[in-house]
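> quick one: sequence plus predicted model below, questions after.
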Amino acid sequence: MISKNQLKLIKALESKKQRKKNGLFIVQGEKNVSELFNSGFTIKQIFATASYINNNGTLLSQHNLVPLITEASEDELKKAGTLVSNNSVLAIVECQDFSVPEISENELILVLDQVGDPGNLGTILRVADWYGIKNVICSPDCADFYNPKVIAATMGSFARVNVSHTDLTEYLGKQAKPVYGAFLEGKNIHQTQLSSSAFIVMGSESHGISAEVGAFVSDKITIPNFGQAESLNVAMATGIILDNFKR
């Protein structure tokens with residue numbers, strides 16, 4: 001059973017301010033929680049249905065997680081969490097502070113400017129994980145990495161992609177590698193010589209890349225359109241651009 005104090009903490013962690021204050025965030029659903037077991041994240045508490053505990057007993061024992069488990073009903077978990085379905089398990093986890101990375105040879109680093117929608121950020125991290133991108137750098141006004149909607153949308157990729165928030169102008173101003181940026185007026189990506197070691201900047205759907213960050217873009221690129229759609233979702237555009245770089 002989830003106590004009143006435990007429920008209060010779980011609900012508080014929906015707030016960025018409380019996540020920062022407590023240094024904790026929530027992970028929900030079997031897929032996302034399972035990704036924690038072999039990650040660098042520290043699990044503080046697990047709330048799970050009897051069915052989940054029975055089905056995953058061996059795995060939980062192997063990772064020494066049994067002492068952290070509190071049995072709860074699906075209705076309790078639904079009330080505590082933010083998911084409409086997949087309410088068999090919820091974990092309280094310690095936040096990690098990822099340092100801003102130095103770029104390695106043959107590495108692509110994804111840079112996100114003003115991507116404020118949590119669903120878009122989570123999907124971008126999932127796409128980044130698919131293409132082997134290990135580091136994603138966000139502007140301070142991007143959605144918070146530990147937002148429950150971001151974590152849910154990653155479908156487990158949050159455990160494999162390092163996400164840091166920093167001033168992008170200060171960060172990009174120190175780089176010697178090429179900085180590609182997605183612009184409507186950019187050069188056709190199909191006709192551009194792409195580097196295997198570079199930064200790829202994506203902006204918000206509504207505002208694009210800000211002028212301040214755009215000043216550090218060395219190569220403006222665009223995805224050519226062959227139909228009548230006015231624009232692409234930023235997560236979809238990120239996938240297309242990463243596919244071209246990887247090819």
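Right, received. Where do you want to start? Numbers count the residues shown, from 1 in each chain.
> and this structure, what are its domains?
4-94, 108-246 (automatic domain parsing).
> go through this protein and flag its longest strand.
strand 179-188 (DSSP state E).
> put the alpha carbons of that strand into PDB.
This file holds the C-alpha atoms of strand 179-188, laid out as PDB (Å, rounded to 0.1, in the frame of the first residue of the first chain):
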ATOM      1  CA  VAL A 179      28.000  23.100 -36.300                       C
ATOM      2  CA  TYR A 180      25.000  22.100 -38.600                       C
ATOM      3  CA  GLY A 181      21.700  23.800 -38.000                       C
ATOM      4  CA  ALA A 182      18.200  23.000 -39.500                       C
ATOM      5  CA  PHE A 183      16.800  26.100 -41.300                       C
ATOM      6  CA  LEU A 184      14.100  26.400 -44.000                       C
ATOM      7  CA  GLU A 185      16.500  28.400 -46.100                       C
ATOM      8  CA  GLY A 186      19.400  25.900 -45.500                       C
ATOM      9  CA  LYS A 187      21.200  23.800 -48.200                       C
ATOM     10  CA  ASN A 188      19.500  20.600 -49.300                       C
END
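> for residue 70, see how far away residue 58 is.
Distance, residue 58 to residue 70, by Cβ to Cβ, to the nearest Å: 19 Å. Yep, even glycine has a C-beta here, placed from its N, CA and C like the rest.
> pick out whichever of these two has more residues nearby.
In terms of neighbours (other Cβ atoms under 10 Å), residue 70 is the more surrounded of residue 58 and residue 70; the figures are 15 against 8.
> mind checking pLDDT for that one?
Confidence at residue 70, expressed as pLDDT, is 96.
> hang on, it in a strand?
Yes: counting by DSSP: H, G, I helix; E, B strand; the rest coil, residue 70 is found in a strand.
> check whether the residue lying closest to it once chain neighbours are set aside sits in a helix, strand or coil.
Leaving aside its chain neighbours, residue 70 sits nearest to residue 47 (5.1 Å; criterion: Cβ to Cβ, 6 or more residues apart in numbering). Three-state assignment for residue 47 (three-state DSSP): strand.
> now do the buried residues in stretch 176-187.
Using 16 or more other Cβ atoms under 10 Å as the test for burial, stretch 176-187 gives 177, 179, 180, 181, 182, 183, 186.
> which among the residues you listed gets closest to residue 40?
residue 177 (26.3 Å; Cβ to Cβ).
> that closest one touches residue 200, doesn't it?
No: applying Cβ atoms under 8 Å, one finds residue 177 not in contact with residue 200, separated by 10.7 Å.
> follow-up on the earlier one: who are the contact partners of the residue nearest to residue 70?
2, 6, 10, 69-72, 76-77, 80, 89-91 (Cβ atoms under 8 Å, 6 or more residues apart in numbering).
> could you measure from it over to residue 182?
Going from residue 47 to residue 182 by Cβ to Cβ gives 41 Å.
> just residue 223 next, same as before
Noted for residue 223: a distance of 8 Å to residue 182, by Cβ to Cβ.
> what's the overlap in contacts for these two?
In contact with both residue 223 and residue 182: 237, 241, using Cβ under 8 Å, 6+ apart.
> ok, which stretches of the chain are helices?
4-12, 16-22, 30-36, 50-55, 57-62, 74-80, 118-130, 148-154, 168-172, 211-214, 234-246 (DSSP state H).
> looking at these, spot the one closest to residue 140.
Residue 140 lies closest, by Cβ to Cβ, to one member of these: helix 168-172, at 8.7 Å.
> now the closest one: buried residues?
168, 171, 172.
> once you drop chain neighbours, what's closest to residue 50?
Here the residue nearest residue 50, using Cβ to Cβ, 6+ apart, is residue 71, at 5.7 Å.
> please tell me how far that neighbour sits from residue 53.
Distance from residue 71 to residue 53, counting by Cβ to Cβ: 6 Å.
> neighbour-wise, which of those two wins?
Set residue 71 next to residue 53 and count neighbours by other Cβ under 10 Å: residue 53 wins out with 18 against 14.
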